[in-house]
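Visitor: Need a 3D model of the sequence below.
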Amino acid sequence: MLDVGIVGAGPVGLGMAALLLRRGLDVAVFEKRSSPGAQSRAIGIHPPALAVLETVGAAAPLIGSGVLIRGGTAYSAGRKVGSLDFGLPGAEYPFILSVPQPRTLEVLEERVAALGSGVVHRGVDVLEAVPDDGGLVLRGSRTGAAGPAEPFEARCRFLVAADGAHSAFRAALGIPPKVRTYPDNYLMGDFHDGTPYGAEAVLFLEAPGIVECFPLPGGIRRWVVRTSRPVAEPSGRVLADLIRERTGAVVEPSSNSMLSAFGVRSRLAPAMVHGRTVLVGDAAHELSPIGGQGMNLGWLDAAALAPLLERMVRADRGRRDPALGRDLAAVEHARLRAARKASRQAGLNMALGRPLPPAVLALRNSVVGRAVRRPAVAGFVARRFTMH
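Guide: The predicted structure is shown next:
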């Protein structure tokens, strides 16, 4: 019997696997996709998450693969509004790391393989977890090398559901999340970087809505534009035209290497621990991607819950642990509170980027610019953006 079965081989599921393997637990990760995703959506890794990744040996290779964003600047109508320095005093990682998600998955899977052989099982679609004889029976299907899918079954003491915002296990447990839909839509894409911004994050606070851009390795820059409604036919040309109209920056449509149009909603589960099943990452709390905190929050979940899962396994094997229930409740409470805080921060980030009449925008930008010139205010805002 496995100590812990993990459903989902995304960044959070692989991160949890590495943390549990370091603790000597018998772990398997089940992923229904036959190969890692090539889409690069989550790119920002914040300092507290880097500290977690360092414990499993993943921080250094990721830092070596990414761009270190040490600060950001906001502009409006061609004028500088203000700047932030992410290098907070005493910070171990005085930057936000920008790295393509496929590289993050690659590094994490390499670390999992170094900590335990045969841990990740791809092409396995786990459909249910049935209580049985002091554990759980996982049932589903496995994609064969050729021919139809075959039945799959495995047993584990505990299950970690890292299966994303539409978590089948959260639904199966009958846990309705609190859902909020926002009036915000975005078009996002990666282009060859011909800007003068280097390794800096840049915000353009414009009357029709915000434009954001962030550096990626290999001379690439990610652009995110708020749109008034969903873009019916997104393309590199459409995004390039929006960027030029609002900021004056020229990007080459033919260099577009990733494109995504999306609306925004949040989902917050009322609890993360349900008997022998633990929800982590987007399965527990889907956030707006604006601000880039969702993946990081999932890793912080994993770091907080990994020692408790070890204790749960030991207790299940017969070792008494009278404080386990109390400690588990305290950690769950803290993680859900952190999720609510991150959700509020994402909401503020989106509010900052909504359309405003030019006169109101100019007044707002003037107030913001004066505020961030004060060291105490700038430090507070930088800590919020870097999840300190």
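
Visitor: Tell me where the stretch 201-350 of the chain has strands.
Guide: 201-204, 211-216, 220-227, 258-268, 273-274, 277-279, 285-286 (DSSP state E, counting those that start in this stretch).

Visitor: Could I get these in JSON lines, plus columns for distance to residue 52, mean neighbour count and mean pLDDT?
Guide: Glycine gets a C-beta too; all of them are placed from N, C-alpha and C. As requested, the strands of the stretch 201-350 of the chain are exported to JSON lines (distance: least, Cβ to Cβ, whole Å; neighbours: other Cβ atoms under 10 Å; pLDDT from 0 to 100):
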{"stretch": "strand 201-204", "distance to residue 52": "22", "mean neighbour count": "23", "mean pLDDT": "96"}
{"stretch": "strand 211-216", "distance to residue 52": "22", "mean neighbour count": "22", "mean pLDDT": "97"}
{"stretch": "strand 220-227", "distance to residue 52": "23", "mean neighbour count": "22", "mean pLDDT": "97"}
{"stretch": "strand 258-268", "distance to residue 52": "21", "mean neighbour count": "18", "mean pLDDT": "94"}
{"stretch": "strand 273-274", "distance to residue 52": "20", "mean neighbour count": "18", "mean pLDDT": "94"}
{"stretch": "strand 277-279", "distance to residue 52": "17", "mean neighbour count": "26", "mean pLDDT": "97"}
{"stretch": "strand 285-286", "distance to residue 52": "17", "mean neighbour count": "26", "mean pLDDT": "94"}
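
Visitor: mind checking which of these is nearest residue 299?
Guide: strand 285-286 (12.8 Å; Cβ to Cβ).

Visitor: Report pLDDT for residue 84.
Guide: Listed pLDDT for residue 84 reads 93.

Visitor: Distance of it relative to residue 382?
Guide: 5 Å (Cβ to Cβ, to the nearest Å).

Visitor: cool, and residue 224?
Guide: 20 Å.

Visitor: now swap in residue 58 and tell me
Guide: In terms of Cβ to Cβ, residue 58 sits 24 Å off from residue 382.

Visitor: Test my guess that residue 93 contacts residue 52.
Guide: No. Assessed by Cβ atoms under 8 Å, residue 93 is found out of contact with residue 52, at 11.1 Å.

Visitor: Would you map the helices across the stretch 101-250 of the chain?
Guide: For the stretch 101-250 of the chain, the helices defined by DSSP state H, counting those that start in this stretch occupy 101-115, 168-172, 236-247.

Visitor: Listing request: residues of the stretch 51-200 of the chain with sub-threshold pLDDT.
Guide: 144-147 (pLDDT under 70).

Visitor: pretty sure residue 128 is in contact with residue 138, am I right?
Guide: Yes. Using Cβ under 8 Å, residue 128 is in contact with residue 138, at 7.4 Å.

Visitor: So the two - more neighbours on which side?
Guide: Set residue 128 next to residue 138 and count neighbours by other Cβ atoms under 10 Å: residue 138 wins out with 22 against 12.

Visitor: Now for that one: which residues touch it?
Guide: Residues near residue 138 by Cβ atoms under 8 Å, 6 or more residues apart in numbering: 5, 7, 30, 126, 128, 129, 152, 153, 154, 155, 156, 159.

Visitor: can we see that at 10 Å?
Guide: 2, 5, 7, 28, 30, 124, 126-130, 152-156, 159 (Cβ atoms under 10 Å, 6 or more residues apart in numbering).

Visitor: Of the residues you listed, keep whichever come out buried.
Guide: 2, 5, 7, 28, 30, 124, 126, 129, 152, 154, 156, 159 (16 or more other Cβ atoms under 10 Å).

Visitor: Wait, residue 171 touches residue 164, no?
Guide: No. Here residue 171 does not reach residue 164: they are 11.6 Å apart, not a contact under Cβ atoms under 10 Å.

Visitor: Cool, thanks, signing off.
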